[in-house]
Every structure is written in structure tokens, then in C-alpha cells.
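Colleague: Please find the sequence and the predicted model below.
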Amino acid sequence: MSAVLLHEAVGSVHAAIATDVIDFDSHRLFSNFWALTVEGLSYGAIYALVAVGYTLVYGVLRLINFAHSEIFMLGMFGQYAVLWGMGFLPRGNAYDEGIALTVMYIGIAMLGGMLVSGGAAVGLERVAYRPLRKRGAPSLTFLITAIGASFVLQEFVHFVLPLLTDHKFGGLNAQQPIRLVQETTVFTFFGADVTNVDLVIVVAALVLAFAVDRFVNATKFGRGIRAVAQDPVTATLMGVSRERIIMLTFLVGGLLAGAAATLYTLKIPNAVIYSGGFILGIKAFAAAVLGGIGNLRGALLGGLLLGVMELYGQAYFGPQWRDVVAFVVLVLVLLVRPTGILGESLGRARA
Amino acid sequence: MTTTTASVPAGKNRPYSGTGDRLRLWWDAQARPTQWLIGVPFIVFIAFLPVLRIPVLTTVGTDFGGVMAQFGMIALVAIGLNVVVGSAGLLDLGYVGFYAIGAYTVALLTSPDSPWNLTDQWLSQRWAWLFCVPIAIAITAISGLILGSPTLRLRGDYLAIVTLGFGEIVRLLADNLTTITQGGRGLQGVAFPYFGGTDKNPDGVFSAGNSDAPWNSGLWWFWLSIVLIVIVLLVVGNLERSRVGRAWIAIREDEDAAEIMGVPTFKFKLWAFMIGAAIGGLSGALYAGQVQFVVPTNFNVINSMFFLCAVVLGGQGNKLGVILGAFIIVYLPNFFQGRTSLFGIPIDGNDIAGYKYLFFGIALIVLMIFRPQGLFPARQKLLAYSRGLYQAARRAALGGDRATSAAAVLADGPADASSDVPGAGTKDGGDR
């Protein structure tokens, strides 16, 4: 009897899923293909910048810096506070300062966000991870510390920051948005509207990605990072200060997270909230794994791919499935190619 | 850089020297009947804590019985997660997913809001919960198998992130499959066991409507969870002392070495995953029955971290330790909730309780630096040896000076396995 009922139940699931819950709308996907691609690339660029932070730290320390999402979140608050400090108060409409001034203000805000994130990342390394390294703790210990740090940073913004800033920043609710740019279409591309915000995000992300790629692959510091990633003991013997390299790695990751945070708030102005980094952080980590964790260019590629695929999935299955698509893509890639698309090694990622 | 032994606290050459170790050695040396003779009254005492209402211990803001019921559920979760994280060394950040599957299985089969409700067809409301618990356990175990069989081939760090994704996917499914789970509205009227119905409590003592303190529903659920905890502890304890448990520890300490020594690592990892999942599902079923209402927001990923907190705080690998860890994380916030003074000192208890994640985060960081093995660490035991050895060790520890302590006796064994290796997470702890 129960088997029959169960069978009926299973039948009703299929019916329910096919009709209401998942859309399977291929028309929506193909008719908006280029629009989705543009939108996906602009999200993907942000994922890519955050993913660099995960991948560099993983490459050097073999550590999933779980608190990196909170570094990103602090960057959002950092740039928000800088905008506030420059006299922009939250209001319903976007400010209209002209192109040159707007770009300058965004640049200043971005610098502020980068400084906050970079400082927080280095501070986190100092306070939480360095003592563990000194004690030679196992990797599980590092990961649990990272989770603890993630809690602390979130709850700091949730509870402590409002007390410190006279309830201007932080707290339970998202910050009132400060919009510097009104999102307008600049040109169309195969029928897809490319907005000024998309353009700024993608261009800024490409510039930063290029800069960090040059930094890691062509400077003395970058050589140090690659050396430590490849073989910490030999690198130390060759005169590379491992501690300094680790600090530098956290700094670079934090700076990029701060920049990504500024770009993200351009796209979604009301995202500035204490819990706003968590899901994005997981997705950025998924992007890093997708491209091959520890591999700088892999992180950039993985970020863009994840952003685009997420949007395609969202169009095909329905908007509520967006996050599910991101995680399923991660799992599937790991099953087929556990080292990611471009392979793992930061040290060898020179091609 | 340094090896794991660097993290072993001072006293490496003096195993079994702390107070806790003495207690443990004494306990291990007792015969089984003696252990039961001491254990049962102790458990009964704990069970009657919510009835006794000891002044300072009793929570103020929330009902003590309810707090203890919650503790019972989290303790079950911690025991299950401890099998995965503590014994087998697999970091599972999506454990809340199994908890959710267990809770939703019961809810979907018994809630009037669900399309698969069986209680209006042939299943009596009185027996529905009991009928659904084994189904919930089986389904979570199968979901553990489904999640584990592809992902357990991955390395540890990837496993952590994939399980995190799994936990989030389960919650999103519950949120999005609105035709089945009602999405964010949740499923109401989940069945609960029927027992001891009176005129005043027509639905029995387990009903949420039973609020005659101190014999309210929370107390009864606490008692039910104690029974289940004891059963689960017996099962898990026997597993740990068997070939399975030895395989888990071998995998945790060094997976490659274990594989080479002939341990089918994948198979035993999968077993750990499934058993852990099944216990999580059992706890989820308890939860669904107790609150009679499930909603996706109760299964946020942050709960996974909370569960992990219990295991890490208590001491990974020590199944009694993690119960104490669960007690700490459930009881402490509730202890402060609604309290305005403590020993005459005025405090704002609600604020302190609200900051719980901040304090747990700080506690995790500090603990990992100064006591990574947890508050009640597991000790490496000579799993293959009989109780007689522990009795011999106890005699030596009592009778002799430090030099002929337990270690000396244990060292007579074939292997020098008595060294004081912290049980927790020493896997790939070498070069980093």
C-alpha cells in the first residue's frame, strides 16, 4: 500500500517540478543570450577579483581562508564610509557629478575600500593565523580558526561597529544605498544592453587582474610568492622571507577584495550588510576551485565562467535557482576534473 | 615546517598525568557493570535537572526544559558530526543539510500542509512520528551515500567546500520547491509521539501545548533525547572499538598510510559519512517533532558552523566531550538570556546572549591557538587491547611513583602506542 502511495508521490513530484518550480525555459536563455553573457561577465569579474584572494592564500599556505568573504564585506563598508566622509549621504536618487568627478570619487572610494580590506586581511593573518603557524598546527585547525574569524568579523560589524560609529554604520540592516552612478545603457551589443556600470566593472577588473598577474609573474615580490608556493623550505634557504611573503599575499588578496567590493556596490548599491559577503565568498571560492585553486589565471577564468554560467542557469531554470546552479557547477567540475580547469600550481602558473 | 608533535602540550613524556586523564583511566579500569552502576544514576540526575530547578543553573529567559531539549538534539548532532569530523577526520561543513533532510522527511510525511501527508490517509496521527523516524534515518543515510560517493574521493579542503555547498543546496531546495515544501511559509502541524494524554493535555505530554512546568513538553523531549543519545553512544562506541573505528583513526591520521596497510579507505570514509548523516537525520526528526514546524531559515549554513563549534569546543574524537561542547553552546546563551543580575552583579543578559556568535568566534580562535584539541580532548587509546590492560595501568598508576606510571606498563605492550598524541585532526599536519 505504501509503495503505491510512494509511487504516486514520486509521480506528483515530477509533475510539480516540471510545471511550477523549475522553469526549463530554453527560450528565455537563447533570446537573452548576449544580455545574460554581459551581465554574467560583470558578476564574474567581481567573483574573479575575490577568487584571487582565495587562490593566492591557498597557493602559499594551503589554507582555505574562509574569512576572506568577510574581508570583502569589510571592503564594502570601507568604501561606504569613505563616500560618506566625502559628503555623499544616502538618498533615493543617484548623484550626478559628471563623468570625470564621478570616476574620481569612485576611485577614492575604491582606494578606501582596498585599504580597509587589505588592512583587515593583514591584521587577520597576524592575529589568527600566525600563532597557528608558529605552533605548526594541522590544516583542520587553520580552517576552524578561519571559520571563527569569519564569525568574529561578521558579528563585529553586526554589533560592535554601530556602537563605535554612533549607529551610522553596521547593525542588523543593510546600509541605505549611496548611488554615484545611474545605470544607463552605453551601447548595445548583439541586442544586449551594455550599461556604464557593467563597463566600469569589467574594465576595472581587467586592469586589476592584469596588474596582479604582472605583479605575481614579473616582479621580485611575485617571484617570492611563487617560490614559497612551490617549496617553502627551499625558498627560505634561498633568502626569501616566508613570513613577509605570507603577509604580502594576504595584502594583495585583501586589496583586490576591497576593489571588488567597491565594484559590487556599484552594481548592487544596497548590498552593504554585515552578512553580505558570505554567499559571494563561497561563490568566489567555487570560482577559484573551478579554475584550479592556487592558480592565479585559473581564478580569473573561473570567476568569469562561474558568473556567466550562473546567469545562463538562472535564465534556464528560473531566478531562484541561481545559487544552486553555482554550487552544482562546482561539484560537477570537481568530479570531472578535481584540480580545476587550469590545474593547481601557483608556482607553475606561468604559461 | 614543524611536525605535529610541536602542538602537543608540555608533558609529552608524562602521559596520563592530568586530572581528566586520571578520571579517564579510572573509568576505563572499571568493569562494565560498575560503569553502568555509576553511569545510570548520573544520567538520571542530569535528566532531572529541569525538574529540580537548581537556582542559578536554571535559565531565566527561556524554559529550562526547552533549553535541555534543545541541548539533547544538538548533542545528538554533535555525536553524529563527531563520527565524521572527529573519528574519520573528514571536515563536513554542510552537516545542517542532513539535519534538514531528517526534519523535512518527518514534516513532509506528517504535516497537513504537505502534498505527501500520510496522516490523513492510513497513518494514525498517534504513531506517525514514530513511524517516520526510521524513514528519516534511512533517507538521510542514503543522502549521505549520494553526497559521499562522489565527493569523498576529493581531498580534505575540497570536501569541506563541497559539503558547504550541499548544505546550502538542501536549504535552497526547501525554499524553492514551493509546491512541496511550501517554501518560506514552512510546514505546520508536524506529528509528534503520543504518550500519556490526559483531559488537560489531550495530545499527550510531547505536544508543544503541554506547558505545565516543570513537567512540560521540553522535559519529555529531553528525556526522549537522552534515551536516544545513550543508544547512539552505545552503537558509536562499539563501532569505535571495532575494526571500523580503528580504520577511521588510521584514515584520520594518515590516509595514504592506511590505504597501503590494507584499509579500504574509501569504503570506511563512506561508512563514517553515512553513519554521521543518519544520526543527523535522527536529530532532525526529533527537532521536527518537538517544534512541530519546519521552515528553511532554521537550516542556514551558520548552523553547520554552530554544530562544528560544539565538536571542536568539546574535543574532536571524544564522544563524551562533544556532548559537553553541545551543552556549552546551547546552555551558555540561554543562561544569559533574560538575566538581569548574576550573583548580585547587574548584567544585561539579553545583550550577552545576542552576541553569542561573536563570543563563539573569539572562543574558536583562542581555542585553536592555545588548546586546538578542544576542552575535553580525546586521548589515543590502545584500541586493540582489552580492559585488563587498563586495569593493570590503573594499578601501576596508583601504586607506583611517576616513573612506573601507566606509560611504563603500557609500554610493555608490543607497540609504543601510549604516547600522548592528541586525537584531533593530526592529519596532514606536517609541512605547511
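Modeller: Okay, I see it. All values reported here derive from a predicted model rather than from experimental measurement.

Colleague: Can you tell me the element residue 175 falls in?
Modeller: All of this refers to chain A. Per DSSP states H and E: residue A:175 is located in neither a helix nor a strand.

Colleague: Chain B is the one I meant
Modeller: helix B:156-176.

Colleague: Show me what counts as buried in whichever helix or strand comes after that helix.
Modeller: Next in sequence after helix B:156-176, counting helices and strands by DSSP H and E, comes helix B:178-181. Residues B:179, B:180, B:181 are the ones in helix B:178-181 that count as buried (16 or more other Cβ atoms under 10 Å in any protein chain shown). The way it works is simple: take the backbone N, C-alpha and C, and place the C-beta from them, glycine included.

Colleague: One more: stretch B:283-301?
Modeller: Neighbour-count burial for stretch B:283-301 [16+ other Cβ under 10 Å]: B:283-296, B:298-301.

Colleague: Just the strands from the chain, written as ranges.
Modeller: Assuming you mean chain A. A:185-189, A:192-195 (DSSP state E).

Colleague: actually it's chain B I care about, not the one you picked
Modeller: Going by DSSP E, chain B shows strands at B:187-188, B:293-294, B:341-342, B:345-346.

Colleague: In JSON lines, list the ones you listed along with mean pLDDT.
Modeller: Shown next, in JSON lines, are the strands of chain B (pLDDT from 0 to 100):
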{"stretch": "strand B:187-188", "mean pLDDT": "84"}
{"stretch": "strand B:293-294", "mean pLDDT": "87"}
{"stretch": "strand B:341-342", "mean pLDDT": "72"}
{"stretch": "strand B:345-346", "mean pLDDT": "74"}
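
Colleague: center of chain B - which residue?
Modeller: residue B:78 (1.5 Å; Cα atoms, centre = their mean).

Colleague: Residue B:323 versus that residue, what's the distance?
Modeller: Going from residue B:78 to residue B:323 by Cβ to Cβ, to the nearest Å gives 6 Å.

Colleague: which neighbours do the two share?
Modeller: Counting by Cβ atoms under 8 Å, 6 or more residues apart in numbering or on different chains, the residues touching both residue B:78 and residue B:323 are residue B:314.

Colleague: Would you mind listing the buried residues in the helix holding residue B:175?
Modeller: Here helix B:156-176 shows B:156-176 as buried, counting by 16+ other Cβ under 10 Å.

Colleague: Chain A next: which of those residues are close?
Modeller: Checking the buried residues of helix B:156-176 against chain A by Cβ under 8 Å from any Cβ of the partner chain, the ones in range are B:156-158, B:160-162, B:164-166, B:168-169, B:172-173, B:175-176.

Colleague: in the chain, which segments are predicted with low confidence?
Modeller: Chain wasn't specified; assuming chain A. A:1-21, A:344-351 (pLDDT under 70).

Colleague: Chain B was what I was after
Modeller: For chain B, the ranges with pLDDT under 70 are B:1-18, B:155-156, B:213, B:379-388, B:390, B:394, B:397-432.

Colleague: If we use 80, what do you get?
Modeller: Low-confidence segments of chain B, defined by pLDDT under 80: B:1-26, B:28-30, B:50-62, B:114-126, B:153-158, B:161, B:183-184, B:194-217, B:337-354, B:377-432.

Colleague: can you tell me the residue of the stretch 151-300 of chain A closest to chain B?
Modeller: residue A:151 (2.9 Å; Cβ to the nearest Cβ).

Colleague: Who are the contact partners of that residue?
Modeller: B:305, B:357, B:358, B:360, B:361, B:364.

Colleague: The stretch 51-200 of chain A: helices as residue ranges?
Modeller: A:68-85, A:99-124, A:130-135, A:139-155, A:161-164, A:196-218 (DSSP state H, counting those that start in this stretch).

Colleague: Can you tell me the closest non-neighbouring residue to the residue nearest in space to the middle of chain A?
Modeller: Centroid-nearest residue in chain A: residue A:50, 3.3 Å away (criterion: Cα atoms, centre = their mean). Among residues not flanking residue A:50 along the chain, residue A:284 sits closest, at 3.6 Å (Cβ to Cβ, 6 or more residues apart in numbering or on different chains).
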